[in-house]
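[1] Give me the fold of what follows.
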Amino acid sequence: MLKLRQPSSRSSTSMIISPLPLTVLLMAKRVQATPEGAFFFEQHANTRPSILMRQYADPNEYTRKLDDANKAERLLHQATHSAEVPHRYTIHEVRALRYFGKHKCTRAPHLLGLAVTDVVPCVDEQGMVGGYALYMLMTKIPGRRVDHEMFWGKSEAERETIRRSFKEALLYVRRHICENR
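    Numbers count the residues shown, from 1 in each chain. Take a look at the predicted model:
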């Protein structure tokens, strides 16, 4: 069994490729910030508007810096507090996977099963206790995974072939959605 991990600042996604043919288990959860990450967000979130006003006379620059400070405050909260429900993007992904399965779309994965549970202490050192962990079992579509390094390591002609294939698959999925509405 192969485990792949794709970390991000707000949530963690782990993917387990099953020995069963054509299935993937995807797990989504919010992870805790590292001490360095939390410190970085704290430094930017603790900027007071009155200090920014003195530092930036230009109203546009002041507004940009204030927006940055507000965003850092939101990110600090997300990095230090558990989420009790899945993010809206996760919910949209579940709906899309169900839709593709219901309508037998051949160029998109189908949802086979779903489980949501609370993160409990001592089970996952990255997960935020009290938050959620969502597990999705889905079909694996045929083909090879192309990541950033692989794509840019190919010749221009090979990259163009990949682009055309992606566009063809995307247009197929889009037509499939429009036909089944």
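[2] where in this protein is pLDDT low?
    1-33, 50, 53, 123-127, 181 (pLDDT under 70).
[3] Would you map out the domains in it?
    The record, using automatic domain parsing to delimit domains, assigns the chain the ranges 1-30+84-140, 35-80, 143-181.
[4] Helices of the protein, residue ranges please.
    35-45, 49-55, 59-80, 88-102, 148-152, 156-179 (DSSP state H).
[5] Is it possible to get TSV of the ones you listed that adds distance to Thr139 and mean neighbour count?
    Backbone N, C-alpha and C define where each C-beta goes, glycine included. Shown next, in TSV, are these (distance: least, Cβ to Cβ, whole Å; neighbours: other Cβ atoms under 10 Å):
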stretch	distance to Thr139	mean neighbour count
helix 35-45	35	14
helix 49-55	50	12
helix 59-80	31	15
helix 88-102	8	15
helix 148-152	22	9
helix 156-179	14	12
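[6] Tell me which of the ones you listed sits nearest to Val120.
    helix 59-80 (18.5 Å; Cβ to Cβ).
[7] And that closest one, what does it pack against?
    Helix 59-80 is packed against helix 35-45, helix 49-55, with contacts defined by 3 or more Cβ pairs under 8 Å, 6 or more residues apart in numbering; DSSP states H and E.
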